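Participant: could you look at this predicted model? Sequence included:
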Amino acid sequence: MSLFQPRLIPFFLILPLFIYNTAQARSFKNAYISFEIQDNWKCKTEQSEWVCRSEDPQESKEAVIILTAKEAGIPDTFTAYNEHLGRPITLNLKTGGTMMSTITIPPREYSVGEQKWLDALHSNSEVQNYYTRYLATIKDKIAILVTFSAHSKFYSKHSAHFMKTVQSLKVIAAKDLTSRPESGPLRGSNEMLGAGVGQAMPADLLSSEDGTD
C-alpha cells in the first residue's frame, strides 16, 4: 500500500518518459557507475562528488547532474531513503533563511535492468527555482545517489536527455571497491547519502525565478 496520497503531476514532467532523445551521446564511467550523457556534457570530480554539466555556457547554468557514493552502512536501506525523500527537504537560501521543498513526484521503485532504484522528484530542494530528480540505490557495500537538477523554466528542455541517462544507469562497482582507495572518492559509512550534493552545486546556476540570470 502506498504511503503517499495521489497528486496531479504536470504533464511536461511525464512526457519525457515517452520521448526518445535523438541527440548524440557519450559514455561516462567511474569506479562504481556508468551511463550515457549528451555529447556536449562533461563530468569532473568536486571533492567526493562528480559534477556533470553542458559545455555550452548558457546550458551549463540551466541544468546539472551530480553523483555521489558512500560505503553502505546500517542506515542505508531503501526504507530509509523512501522516508527521507517522502518528506520535504530543507533548503538553505543564499540570501539567508530556509525554505521547504515541494514533493512533485513521491518516491517510488524504478528498475533499470536488474538494478532497483528509488526515484523521486522535488522542487526547491537543492537549488531555489530548480527541480531535482533523485535516484538512489544500494548494491553490495556501495550506496549511490544520482541527482538531476534543472531550472523550472528549462526542465522540459532537459528532462528528455535526463531520462535517457536514467535509462542507461548501470552499477559497475566491484565487491571490494571500498578496500581500494585508488578507485576514487567515496564517503564513509557514517555519512548520510547525498550530504555533499548541495555543496557540489555550481555557484553560477540561474538564481531568478524567470531564469534570466
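Facilitator: Looks like it arrived, so ask away. Note that this is a predicted model, so its numbers are computed, not measured.
Participant: tell me the contacts of the spatially most central residue of the chain?
Facilitator: Residue closest to the mean C-alpha point of the chain, counted by CA atoms, centre = their mean, is residue 147 at 0.7 Å. Going by CB atoms under 8 Å, 6 or more residues apart in numbering, residue 147 touches 65, 66, 67, 126, 132, 133, 134, 135, 194, 197. Quick note: C-beta positions are derived from backbone N, CA and C, even for glycine.
Participant: how near is it to residue 178?
Facilitator: 22 Å (CB to CB, to the nearest Å).
Participant: ditto for residue 92
Facilitator: 30 Å.
Participant: can you give me the helices in this protein?
Facilitator: All helices of the chain, identified by DSSP state H, fall at 11-14, 59-62, 78-85, 155-167, 197-200.
Participant: need the contact partners of the last one.
Facilitator: By that I understand helix 197-200. Contacts for helix 197-200 (CB under 8 Å, 6+ apart): 46, 47, 49, 51, 66, 68, 92, 126, 145, 147.
Participant: could I get the residues you listed as CSV with distance to residue 40 and pLDDT?
Facilitator: As requested, the contacts of helix 197-200 are arranged in CSV below (distance: CB to CB, whole Å; pLDDT from 0 to 100):
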residue, distance to residue 40, pLDDT
46, 19, 89
47, 25, 84
49, 21, 94
51, 15, 97
66, 18, 98
68, 23, 96
92, 31, 93
126, 23, 96
145, 24, 98
147, 20, 98
